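Colleague: heads up, no residue letters with this:
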């Protein structure tokens with residue numbers, strides 16, 4: 001079941017977006033990943049078969065990024 005997860009991050013540039021997107025899509029194939037670098041919260045949106053937001057938060061933490069789910 002697809003669902004949309006939205007997070008505040010500290011991703012700063014397109015290279016980091018690509019790295020994060022690649023990592024997420026390798027764990028959750030078929031996911032659609034976007035980051036709004038213009039937004040002050042650097043909003044990450046992940047649309048896919050993600051069982052829990054904790055998977056994304058943990059993954060970004062391992063990659064060296066701050067990540068907090070937005071409500």
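Modeller: Yep, it's here. Quick caveat: nothing in here was measured; it's all calculated off a predicted structure.
Colleague: From now on I want contacts and neighbour counts done on CA atoms only, so please keep to that.
Modeller: Will do.
Colleague: For the spatially most central residue of the chain, which non-adjacent residue is spatially closest?
Modeller: Centroid check for the chain by C-alpha atoms, centre = their mean gives residue 44 as the closest residue, at 4.7 Å. In this structure, residue 44 finds its nearest non-sequential neighbour in residue 35, 4.4 Å apart by C-alpha to C-alpha, 6 or more residues apart in numbering.
Colleague: Show me the strands paired with the host helix or strand of the one you found, marking each as parallel or antiparallel.
Modeller: If you go by DSSP states H and E, residue 35 is part of strand 32-36. Its sheet considered, strand 32-36 pairs with strand 43-48 (antiparallel) by DSSP bridges.
Colleague: List of residues touching the strand it pairs with?
Modeller: 1-9, 28, 30-37 (C-alpha atoms under 8 Å, 6 or more residues apart in numbering).
Colleague: are any of those residues buried, and which?
Modeller: 5-9, 28, 31, 33-37 (16 or more other C-alpha atoms under 10 Å).
Colleague: which parts of the longest helix anywhere in the chain are buried?
Modeller: If you go by DSSP state H, the chain has its longest helix at helix 14-27. Within helix 14-27, the residues that qualify as buried are 17, 20-21, 23-24, counting by 16+ other C-alpha under 10 Å.
Colleague: Look up how far residue 50 lies from residue 33.
Modeller: Counting by C-alpha to C-alpha, to the nearest Å, the gap from residue 33 to residue 50 is 12 Å.
Colleague: quick one on the thing from earlier: could you tell me how far the residue nearest to the centre of the chain is located from residue 53?
Modeller: Residue 44 is 12 Å from residue 53, where distance means C-alpha to C-alpha.
Colleague: thinking again about what came up before, how far does the strand holding residue 35 sit from the chain's center?
Modeller: Chain-centre distance of strand 32-36: 7 Å, with C-alpha atoms, centre = their mean, to the nearest Å.
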